[in-house]
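>>> Sequence unavailable; structure follows:
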């Protein structure tokens with residue numbers, strides 16, 4: 001399996017994503033934002049950071065980068081697309097995911113470990129977790145407050161598109177319905193504010209993020225008639 005890690009001016013979690021893929025033993029390449037061909041990749045990671053300095057609003061400029069046309073094509077083809085933090089913001093701005101990310105309700109940058117409930121363990125990104133499992137994944141954002149209107153929320157619930165919620169009463173940013181991550185209707189595009197690529201080893205506080213990357217690998221191998229070894 002081959003992963004692409006997109007790089008925009010201002011990305012700062014691209015290396016973390018690259019190392020996360022290396023940790024599960026798969027191929028990975030950095031892909032610059034001007035790239036116009038993603039046909040050689042099976043999965044695309046849109047990393048966190050401050051693309052284009054978060055001018056206008058987070059992700060509002062990056063969504064016009066040439067590579068985003070290719071991300072849309074890849075999503076339409078059923079390839080796996082994961083947007084993390086700023087990547088989540090970019091995917092909502094690009095219309096690949098519903099809703100929007102706005103300023104944290106406390107107007108402060110939040111950076112700490114956060115318990116997440118796995119709301120949908122049947123996606124390509126969560127098949128290695130148990131339904132309802134609470135995992136520990138760090139956050140680092142100032143504009144992670146997920147917002148959508150009541151009609152969109154009802155659709156997300158009806159279609160099982162809510163992938164992660166902040167567990168219990170730990171909502172750090174005011175997100176509607178405690179939402180921390182959502183998918184598109186097809187289930188091959190997911191965006192989340194917490195950083196699984198920073199939870200790959202217990203040495204750093206948690207290894208709960210590793211199963212997100214092995215989930216993607218497992219889903220891809222199932223499509224190609226194999227299973228994850230070990």
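Received it, and whenever you're ready, just let me know what you need. Because the structure is a prediction, the values reported are computed rather than measured.
>>> just checking, residue 148 touches residue 100?
Yes - counting by Cβ atoms under 8 Å, residue 148 touches residue 100, with 7.2 Å between them. (Glycine included, C-beta is placed from N, CA and C.)
>>> any chance you could map the helices in the protein?
Counting by DSSP state H, the chain has these helices, from start to end: 14-23, 66-76, 86-93, 150-158, 210-223.
>>> for the residue lying farthest from the centre of the chain, what are its contacts?
Residue farthest from the centre of the chain, counting by Cα atoms, centre = their mean, is residue 225 at 25.5 Å. Applying Cβ atoms under 8 Å, 6 or more residues apart in numbering, we find residue 225 in contact with no residue.
>>> how far away is it from residue 214?
18 Å (Cβ to Cβ, to the nearest Å).
>>> hang on, residue 173 packs against residue 107?
No - Residue 173 lies out of contact with residue 107 (Cβ under 8 Å); the separation is 10.1 Å.
>>> Between those two, tell me which one has more neighbours.
The neighbour comparison of residue 173 against residue 107 (other Cβ atoms under 10 Å) goes to residue 173, with 24 against 9.
>>> Let me see the contact set for that one.
By Cβ under 8 Å, 6+ apart, residue 173 lies in contact with 104, 105, 106, 110, 141, 144, 145, 146, 193.
>>> Hmm, residue 220 is touching residue 24, no?
No - counting by Cβ under 8 Å, residue 220 does not reach residue 24; the two are 11.4 Å apart.
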